[in-house]
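S.K.: how does the following fold in three dimensions:
(one chain, ligands or ions: 1)
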Amino acid sequence: MNAYRRFRYSHAMADWVDQLRGGFVVFDGPDGSGKSTQFRRFMEHVESSGVPVCQVREPGGTPIGERIRDVLLDPEHDGMDLRCEMLLYMASRAQLVAHRIAPAQDAGELVLADRFISSTLAYQGAAGGIPVADILRVGQIALGKYWPDLVVVFDVDEQTAAARLSPLLDRMEQKGADYHRLVRQGFLDQAQSDPQRYLVIDARGDADEVFDELCDAIARRFAESGDHS
Ligand code: TMP
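M.R.: Sure, this is the predicted structure:
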């Protein structure tokens, strides 16, 4: 990012970051999309602007959730039934909502989540084959009233995504190209059917380019809607 861009953001950010107060924002996308890098950069900007923020990741984010994460991602668990898998992601989420997200939202904090139910809809739904209605029914139990206001999807083609993954693949990353193609399409379909809640970012560029696009897109979204709902 050049000096002019940095200067422009430092001022423009103050406006739209402030509009994130009390909201619930999810960063999501296929493995290798670079979402976690963007998540960290975004967190730093939000924190430096003085907006109270609670940062969580899925699966995990609580001591119980982190143990569920280990079970879910262990390559030795290749016999895991799809319904077991979906319910374990939801179990981790229920704990996260009860112990981290609900208290933060009730205290008026911004919640910034690295993955959420949009991942279950893409991975266990679009790619795995569990019907959307079933996932949403279980989601209602896990989430209660705590649904995100904004879901940012980092979209990336398979070749770029594969090149970004470390060679030590976890159980989900090992599922193969066809599965991950469906995951990507699952995210894009969600965004298409709920364009007010979702924002798709082209994540093929380098980290600086993607961060620029992310900030511009969120600022534009607020300019259009006037708030984060
Ligand atoms: P991470 O690599 O972003 O930490 O996510 C862990 C893996 O779990 C990733 O491959 C996506 C997958 N996942 C699901 O399949 N369903 C879900 O509901 C969530 C939250 C993640």
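S.K.: so how far is the longest helix along the chain off the chain centroid?
M.R.: Taking residue count as the measure and DSSP state H as the definition, the longest helix of the chain comes out as helix 207-225. In terms of C-alpha atoms, centre = their mean, to the nearest Å, the gap separating the centre of helix 207-225 from the centre of its chain is 16 Å.
S.K.: which of the residues in it are buried?
M.R.: Residues 210-211, 213-215, 218-219, 221-222 are the ones in helix 207-225 that count as buried (16 or more other C-beta atoms under 10 Å). Just so you know, the C-beta spots here come from the backbone N, C-alpha and C atoms, and that holds for glycine as well.
S.K.: what does stretch 185-204 give?
M.R.: 186-191, 197-201, 203-204.
S.K.: so how far does that stretch reach from one end to the other?
M.R.: Stretch 185-204 has its terminal residues 16 Å apart, counting by C-alpha to C-alpha, to the nearest Å.
S.K.: report the distance from it to the chain centre.
M.R.: With C-alpha atoms, centre = their mean as the basis, the distance from the averaged C-alpha position of stretch 185-204 to the chain average is 11 Å.
S.K.: cool, and stretch 31-43?
M.R.: Average the C-alpha atoms of stretch 31-43, do the same for its chain, and the two points are 9 Å apart (C-alpha atoms, centre = their mean).
S.K.: what secondary structure does the residue nearest to M43 when sequence neighbours are not counted sit in?
M.R.: With C-beta to C-beta, 6 or more residues apart in numbering as the criterion, M43 has its nearest non-adjacent residue at 5.5 Å, and that residue is Q55. Three-state secondary structure (criterion: DSSP: H, G, I helix; E, B strand; the rest coil) places Q55 in strand.
S.K.: correct me if wrong: L143 contacts L96.
M.R.: No: the pair L143 / L96 is not scored as a contact, 9.8 Å apart, by C-beta atoms under 8 Å.
S.K.: out of these two, which sits in the more crowded spot?
M.R.: Higher neighbour count among L143 and L96: L96, with 27 against 20, using other C-beta atoms under 10 Å.
S.K.: how about the secondary structure of V51?
M.R.: For V51, the secondary structure call by three-state DSSP comes out as coil.
S.K.: and it, how many neighbours does it have?
M.R.: Around V51 there are 18 other residues, counting by other C-beta under 10 Å.
S.K.: how near is it to the ligand?
M.R.: From V51 over to the ligand the distance is 24 Å, taken as C-beta to the nearest ligand atom, to the nearest Å.
S.K.: what do you get for V138?
M.R.: Going from V138 to the ligand by C-beta to the nearest ligand atom gives 11 Å.
S.K.: good, we can wrap up now.
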